[in-house]
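K.L.:
got a sequence here, can you build the structure:
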Amino acid sequence: MSSPTERISAATTNALDMFVRGGVADLRPMPRVLIDKGPNRSVYRFAAGERDLGGGPVLLVPPLAVPAFCFDLRRGCSLAEHLVEQGRRTYLVDYGNVRFGDRGLGLEHWINEVLPRTIRAVNKDAAGAPVHVVSWCLGGILSLLTHADQPDLPIASIATIAAPIDMTAIPLVAPIKPLVDVTKGWILTPVYRVLGSAPRAIVKRVFQLSAIDKVVTKPYAILSHLDDREFLAQIEAVDRFTDNMVAYPGRTFGQMYHRFFRSNDLSNGEVDFGGRRISLREVKAPVLVVAGRTDSIAPERAVRRLVDVLDNAESVRFETAPGGHLGVLAGRRARTTTWAYLDEFLAASSR
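P.N.:
Numbers count the residues shown, from 1 in each chain. As a prediction, the model looks like this:
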């Protein structure tokens, strides 16, 4: 345990780094190379250096409206860094920014085009090896729907982290659900139709609202942990993450709002896109489902529902881990919980 003098010295150094020298977090991105590019997708392979690579390729799939560096938050709390260190050939798809011209894109664009083309590009780059998909939040739902819709894709396994399908179990939804029902969804519809998107500022505020207690107590938390460099680095990295939110395309947001939020279609494992029904019961690959124990965006009950609808998958493993929505993926305890579950799952799925 540090002495008072050591703590004061550490706090002084950290304060200078935070407020004078530009920060305490190591935000250097992991080196990567572009292997494929197309509309709404840039596919990267992380550089492995001199490491020997084993197992099948791993593709990191983010949700929409967040920066793809959620998987590479900061050194020491980067899932991409961890996978590369484990000797796995690791890839990432980045959807880029949403423009007004993208307003007509629906969820089926990602299911029909973006993810299938990404998976095939990774499969080709990895000499034909089946792809292990590791996804977060909506990225997990899209990955499962893509596999269910196109079972011929070269997918070895799917891991979902904080991917909710039962919207009635989400605390943020409950207070406004009656108003949405009474207005038949009209309350938000004009906004995304006029603007062509759900603006990034709104996306950012919703994410912050999910952890409003931490937002309110943040100044006190910084002062009381001024000698804890890791704690301060995590706050800095999360601030950068929330400052880089991306807008949802208008049609995509509308589908999420009406199909997922209002109708809660996904809770039964099926969703309809213009008469084309996709069922998660068509998923055959092994699946890992991880929920954050203090996640208010994707609480455990909303995520656990996946286990009930994936009844035709080769196997389904459900785990919980400490952390909120981002913390379960890239928090300081993720390395010994979420990432450990993932390492075990990938090892078992690669046999």
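
K.L.:
just the helices in the stretch 1-150 of the chain please.
P.N.:
Using DSSP state H, counting those that start in this stretch, the helices assigned to the stretch 1-150 of the chain run over residues 4-19, 79-85, 107-109, 115-125, 138-149.

K.L.:
same check, this time on the stretch 201-350 of the chain
P.N.:
212-224, 229-243, 250-255, 300-309, 327-330, 338-349.

K.L.:
and the gap between the residue most central in space within the chain and Asn268?
P.N.:
When CA atoms, centre = their mean is applied to the chain, the residue found nearest the centroid is Trp136 (2.7 Å). Separation of Trp136 from Asn268 (CB to CB, to the nearest Å): 23 Å. C-beta: built from backbone N, CA, C; applies to glycine.

K.L.:
same check, this time on Thr252
P.N.:
Computed as CB to CB, the Thr252 to Asn268 distance reads 21 Å.

K.L.:
look at these two and report which has more neighbours.
P.N.:
Between Thr252 and Asn268, counted using other CB atoms under 10 Å, the more crowded position is Thr252 (26 against 16).

K.L.:
list the contacts for that one?
P.N.:
Taking CB atoms under 8 Å, 6 or more residues apart in numbering as the criterion, Thr252 is in contact with 64, 105-107, 109-110.

K.L.:
near Lys124, how many other residues are there?
P.N.:
Lys124 has 13 neighbours, counted by other CB under 10 Å.

K.L.:
and the gap between it and Tyr91?
P.N.:
From Lys124 to Tyr91 the distance is 11 Å (CB to CB).

K.L.:
shaky segments in the protein?
P.N.:
Applying pLDDT under 70 to the chain flags residues 1, 100, 171-220, 250, 258, 351.

K.L.:
try 80 this time
P.N.:
For the chain, the stretches flagged by pLDDT under 80 are 1-2, 4-22, 49-54, 98-104, 169-227, 246-263, 273-274, 351.

K.L.:
using PDB, write out every CA atom in stretch 45-54.
P.N.:
Only the C-alpha atoms of stretch 45-54 are listed here, as PDB (Å, rounded to 0.1, in the frame of the first residue of the first chain):
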ATOM      1  CA  ARG A  45      -6.300  -6.600 -40.200                       C
ATOM      2  CA  PHE A  46      -4.400  -5.800 -37.100                       C
ATOM      3  CA  ALA A  47      -0.700  -6.100 -37.400                       C
ATOM      4  CA  ALA A  48       0.700  -9.100 -35.500                       C
ATOM      5  CA  GLY A  49       4.400  -8.300 -35.700                       C
ATOM      6  CA  GLU A  50       6.600 -11.400 -35.200                       C
ATOM      7  CA  ARG A  51       3.900 -13.300 -33.300                       C
ATOM      8  CA  ASP A  52       3.000 -16.800 -34.400                       C
ATOM      9  CA  LEU A  53      -0.700 -16.900 -35.200                       C
ATOM     10  CA  GLY A  54      -3.000 -19.800 -34.300                       C
END
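
K.L.:
list the contacts of that stretch.
P.N.:
30-33, 35, 80, 83-85, 87-92, 125, 350.

K.L.:
what does stretch 327-347 give?
P.N.:
Where contact means CB under 8 Å, 6+ apart, the residues beyond stretch 327-347 that reach it are 55, 58, 70-71, 73, 77-79, 82, 86, 88, 132, 134, 136, 157, 159, 161-162, 230-231, 234, 237, 286, 288, 290-295, 317, 319, 321-324.

K.L.:
kindly recompute the last result at 6 Å.
P.N.:
Residues from elsewhere that reach stretch 327-347, judged by CB atoms under 6 Å, 6 or more residues apart in numbering: 73, 77, 82, 132, 136, 159, 161-162, 234, 288, 290, 292, 319, 321-323.
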